[in-house]
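*Asks:* model the structure of this input:
(chains A and B)
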Amino acid sequence: MAENISPRVNSARLANFVGKPIRLPCKVLSVSGPNIIVEASDGGNVTIVPVAGADSPECTYCEIIGTVSDPTTIKMMACINLGNNLDLKLTNDTIEMMFDSRFERMFGLSS
Amino acid sequence: MSQNDYYGGGGGGGGFLQGGSPYSQMGSPGSGQQRSEAASSLRPINSFQYRKAEQPHNDAPWVLDGFEVGLVTMVGHLVSMHLQTTNHVYTLEDGLGRVEARHWVGSSTNAEQEMEKWGDIKEGIYVRLTGFLKSFGGKKYINATYMRPVTDFSEIDFHFLECITVTLTLERGPHYNFGTGQQQNATGVKSSSAYQLDNSMDIRDEYSHLPPLEQQIIRYLISQDQKDGVHVANIARAIGKSDEDADKLSTAMDSLMDNGHLFNTIDDCHFAVSR
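*Replies:* Below is the predicted model of the structure:
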């Protein structure tokens, strides 16, 4: 049953998920026209292209839900605000743990 | 019946266990069906583990990776909620799958309280959910007893890491002896509760770092104090493992031998502790 799976990722892992849904916890850097530039939890910059009608982030930190167009671009379907105070390093460490093959039996993810 | 069975837990139990001791509350007449400790313990799970959890039959406790599951708690993104007259249906996602949660709406007398408790819940936010696993018509859901919005978003990371910690603690036993991770009950399902004290694991010595099964073997051998060693069949009986666990027992024995904790005595079937 592989429905509704949208793993939390960092920018380095985007390449493995082209065309697939993901969640990207990130920090909003700037807004250029309709697009949003964000910094992923591992420090990489990612361009977010919102689909029409998608909410835009209201906080410094947010989680982008969308599909990966290419390894540096995400088509955003929705976004969840994660406040103005978040330890992205912790988030990144957690993401790497979840993809660790030793814990595959707990999360069903593998790298 | 072996001595260990008498005391309720195959896990080398002590007299404080609630399971089968005639002096404990649970053993009092009229207490009806026994409730295991795990039934009221809280296990953090994610959607993937939610999918893996099984119920052998309708009245049986839920089981995840061989461990009984009582209350569960999870953190997820509330994708949708449908408020119906008798119950509210919530759909949660945490990136690993989708979970359905239901909250049965009580009588109208406590409507205000309900509103206070559940009023902050809205679509599109992260929530912390606690409840019991249920199934109805072959469909699994969580019977939600508690839900609140997540306000410190590190809780999302905390939750996933807690899933790892708790799963590993159950599998390997606690790092320090703050309780026990594994108890075998009559149905062969390991119940688990951090509040359950197990005397055999509550000793701090040179064997405390070993996995629970290896500790049980060592402690049994020490308690026997046989110069000529103890036959492996007696060890198996004392540990109270069923036949299918023979492999686990022999792996544990091999590991103990390899690490120099055990040695053969009069023949290949007799073992004694080297100390």
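*Asks:* flag every residue of chain A that's near chain B.
*Replies:* Within chain A, the positions adjacent to chain B are A:1, A:3-8, A:23, A:55, A:61, A:63, A:65, A:78, A:80, A:82-83, A:86-87, A:90-91, A:93-94, A:97-98, A:103, A:105-109 by CB under 8 Å from any CB of the partner chain. Placement of C-beta: from N, CA and C, glycine included.
*Asks:* let's see that with 6 Å instead.
*Replies:* Selection of chain A residues close to chain B by CB under 6 Å from any CB of the partner chain yields A:4-8, A:23, A:82-83, A:86-87, A:90-91, A:94, A:98, A:103, A:106-108.
*Asks:* now do the strands in the stretch 151-275 of chain B.
*Replies:* Assigned by DSSP state E, counting those that start in this stretch, the strands in the stretch 151-275 of chain B fall at B:180-184, B:190-193, B:230-231, B:262-264, B:270-273.
*Asks:* repeat for chain A
*Replies:* Taking DSSP state E to define them, one finds strands in chain A at A:21-32, A:35-40, A:45-50, A:61-70, A:73-81.
*Asks:* need these in TSV (columns: mean neighbour count, distance to B:Ala238 and mean pLDDT).
*Replies:* Shown next, in TSV, are these (neighbours: other CB atoms under 10 Å in any protein chain shown; distance: least, CB to CB, whole Å; pLDDT from 0 to 100):
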stretch	mean neighbour count	distance to B:Ala238	mean pLDDT
strand A:21-32	19	50	94
strand A:35-40	19	55	95
strand A:45-50	18	59	95
strand A:61-70	20	52	95
strand A:73-81	20	54	94
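*Asks:* can I get those strands in JSON lines with distance to B:Ala144?
*Replies:* Compiled in JSON lines, these are given as follows (distance: least, CB to CB, whole Å):
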{"stretch": "strand A:21-32", "distance to B:Ala144": "23"}
{"stretch": "strand A:35-40", "distance to B:Ala144": "32"}
{"stretch": "strand A:45-50", "distance to B:Ala144": "32"}
{"stretch": "strand A:61-70", "distance to B:Ala144": "22"}
{"stretch": "strand A:73-81", "distance to B:Ala144": "20"}
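*Asks:* middle-most residue in chain A, spatially?
*Replies:* Central residue of chain A (CA atoms, centre = their mean): A:Leu24, 0.9 Å from the mean position.
*Asks:* chain neighbours aside, what residue packs nearest to it?
*Replies:* Spatially, and ignoring its direct neighbours in sequence, A:Leu24 is nearest to A:Ile64 (4.5 Å; CB to CB, 6 or more residues apart in numbering or on different chains).
*Asks:* now B:His88
*Replies:* Here the residue nearest B:His88, using CB to CB, 6+ apart, is B:His103, at 4.5 Å.
*Asks:* so where does that neighbour fall, helix or strand?
*Replies:* If you go by DSSP states H and E, B:His103 is part of strand B:98-104.
*Asks:* extract the CA atoms of the top helix by length along chain B and return them as PDB.
*Replies:* Longest helix of chain B, by residue count under DSSP state H: helix B:154-172. In PDB, the C-alpha atoms belonging to helix B:154-172 read as follows (Å, rounded to 0.1, in the frame of the first residue of the first chain):
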ATOM      1  CA  SER B 154      10.200  20.300  17.000                       C
ATOM      2  CA  GLU B 155       7.600  17.900  18.400                       C
ATOM      3  CA  ILE B 156       7.300  16.400  14.900                       C
ATOM      4  CA  ASP B 157      10.900  15.500  14.900                       C
ATOM      5  CA  PHE B 158      10.700  14.400  18.500                       C
ATOM      6  CA  HIS B 159       7.900  12.000  17.600                       C
ATOM      7  CA  PHE B 160       9.800  10.200  14.800                       C
ATOM      8  CA  LEU B 161      12.800   9.900  17.000                       C
ATOM      9  CA  GLU B 162      10.700   8.600  19.900                       C
ATOM     10  CA  CYS B 163       9.300   5.900  17.500                       C
ATOM     11  CA  ILE B 164      12.900   4.700  17.000                       C
ATOM     12  CA  THR B 165      13.800   4.900  20.600                       C
ATOM     13  CA  VAL B 166      10.700   3.000  21.800                       C
ATOM     14  CA  THR B 167      11.000   0.300  19.100                       C
ATOM     15  CA  LEU B 168      14.600  -0.300  19.900                       C
ATOM     16  CA  THR B 169      14.000  -0.300  23.600                       C
ATOM     17  CA  LEU B 170      11.400  -3.000  23.200                       C
ATOM     18  CA  GLU B 171      13.500  -5.100  20.900                       C
ATOM     19  CA  ARG B 172      16.800  -4.900  22.900                       C
END
